[in-house]
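K.L.:
3D, please:
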Amino acid sequence: MKEKIEQKVNFYTNLTFFIVVVLFVGVRICAYYNLFSFMGQYASYYLTLFVQIGLIFLLPVFFLGRISKSKTKEVFQFSCYKKTSWKILFAAVFLGAIVFFLNVYVSNFFNTLIGFFGYKHQSASGSGSTSFLSLVLDLVCTAVLPAICEETLNRGIMLNGSSMLGMKKSVLLTGLLFGLLHMNIEQFFYATLIGFLLGYLCWGCGSIFPCMIVHFMNNALSVFFSFAARKGWAIGNIFTKFGNFIAQNSILGLVIFMFLLILLCYVGFTLIRYMIAQTVKNRFAQRQTEFAKFAMRETYLKEIEALKNGENIDTSSKVIPSDEQEFMRYVENNIEKIVENATKLEPPTVKMTTKSKIFLYGSIILSAAMTVLTFIWGIL
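P.N.:
Numbering: from 1, shown residues only. Sure, this is the predicted structure:
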């Protein structure tokens, strides 16, 4: 019974994602042929609002709720809209900055690679304007909305919809789908890698909010540095200057580059381990509380039953904790059982149905074809 429910959920999420991909392909083709030019100079902003809010956020949330006969609140709960500690959210800010700097190295390498095939690099993030209004608009459209909308679809709906496949397969699958959903050859490679990281982070933390923060920080820093470069600020050209330094000092530059790359990777993975460790502690404390409350309730019921039967109760061996210290002593005495309940192995995976595979493979093929087309357009 449980297997059939998981398969049905997986089918619903794959169907939802397929509809999003089909509509997004249509938007990308229309944008390539400038069919939205009638919107004027703010066409890109209007289009982003439509794609992010309407296509990637509202459509999946309400469509999934409709076909699964679930309330909107239940869809958000399914999408891992769950509370987490401020320590984890604070660590996510620093992790987002680390991801951005690593992203710069990865994207530059990949763009150089496809450049050998004649691909012409497209415009960077941002509107090209130097007004602070444009900075705010770019931050909203490029950082805030994608962090909320794209994470809800990918790390929320799709990751949990494919959770029956197990952690590794679901993280790899949704990471690939995240990279392909950008439908841009320049963004595909680094977006896929970030998708893997965010999927693992969501699994480990059990909440989508750290992923949103990492996503926001990565995109927001990209927008800021692009804006700073247009304004002529020194910090805006830091990556260009660093690249020139490496080119002029091949050996020393390479050593510094590798050192920074290793340092960033080490700090990044340390932050991820810290965030997951905090989550485990929070979950363990919650399990302790739940277990203790259960035991306290059982003891109370037994005492009531004993009183009904006219039996005497030994108050000296009373199990119900009367204060916090007694509560913690009770937990420590039952720690083995608590650990056993808190550290269960991942459940066995469930196979995907044929009709669910059709929509999943359809999404991959369509988005991959669109990504390849952007490469061809970049050459032409």
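
K.L.:
use CA for all of it now, contacts and neighbours both
P.N.:
Will do.

K.L.:
shaky segments in the protein?
P.N.:
Residue ranges of the chain with pLDDT under 70: 1, 123-128, 243-244, 246-247, 250, 282-349.

K.L.:
so which residues of the stretch 101-250 of the chain form strands?
P.N.:
In order along the chain, the stretch 101-250 of the chain carries no strands (DSSP state E, counting those that start in this stretch).

K.L.:
which residues in it form helices?
P.N.:
132-139, 145-151, 159-161, 167-181, 185-205, 209-231, 238-248, 250-308 (DSSP state H, counting those that start in this stretch).

K.L.:
and these: which comes nearest Tyr361?
P.N.:
When the helices of the stretch 101-250 of the chain are compared by C-alpha to C-alpha, helix 167-181 sits nearest Tyr361, at 10.3 Å.

K.L.:
Leu260: neighbour count?
P.N.:
14 (other C-alpha atoms under 10 Å).

K.L.:
I'd like the distance between it and Ala220.
P.N.:
Leu260 is 21 Å from Ala220, where distance means C-alpha to C-alpha, to the nearest Å.

K.L.:
in the helix or strand where Asn14 lies, which residues are buried?
P.N.:
Applying DSSP states H and E as the criterion places Asn14 in helix 2-32. Of all the residues in helix 2-32, those buried under the rule 16 or more other C-alpha atoms under 10 Å are 6-21, 24-25, 27-28.

K.L.:
ranking the helices of the stretch 101-250 of the chain by burial, who's on top?
P.N.:
helix 159-161 (a mean of 27; mean count of other C-alpha atoms under 10 Å).

K.L.:
tell me which strands and helices that one is in contact with?
P.N.:
helix 2-32, helix 167-181 (3 or more C-alpha pairs under 8 Å, 6 or more residues apart in numbering; DSSP states H and E).

K.L.:
okay if I get the ones you listed as JSON lines plus distance to His121?
P.N.:
JSON lines is the format used below for the helices and strands packed on helix 159-161 (distance: least, C-alpha to C-alpha, whole Å):
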{"stretch": "helix 2-32", "distance to His121": "16"}
{"stretch": "helix 167-181", "distance to His121": "18"}
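
K.L.:
out of these, which gets nearest to Met352?
P.N.:
Closest among these, using C-alpha to C-alpha: helix 2-32, at 6.3 Å.

K.L.:
so what secondary structure elements neighbour the closest one?
P.N.:
Counting by 3+ C-alpha pairs under 8 Å, 6+ apart, helix 2-32 packs on helix 59-67, helix 159-161, helix 354-379.

K.L.:
what do you get if the cut-off is 6 Å, keeping everything else the same?
P.N.:
helix 159-161, helix 354-379 (3 or more C-alpha pairs under 6 Å, 6 or more residues apart in numbering; DSSP states H and E).

K.L.:
fine, thanks again, bye for now.
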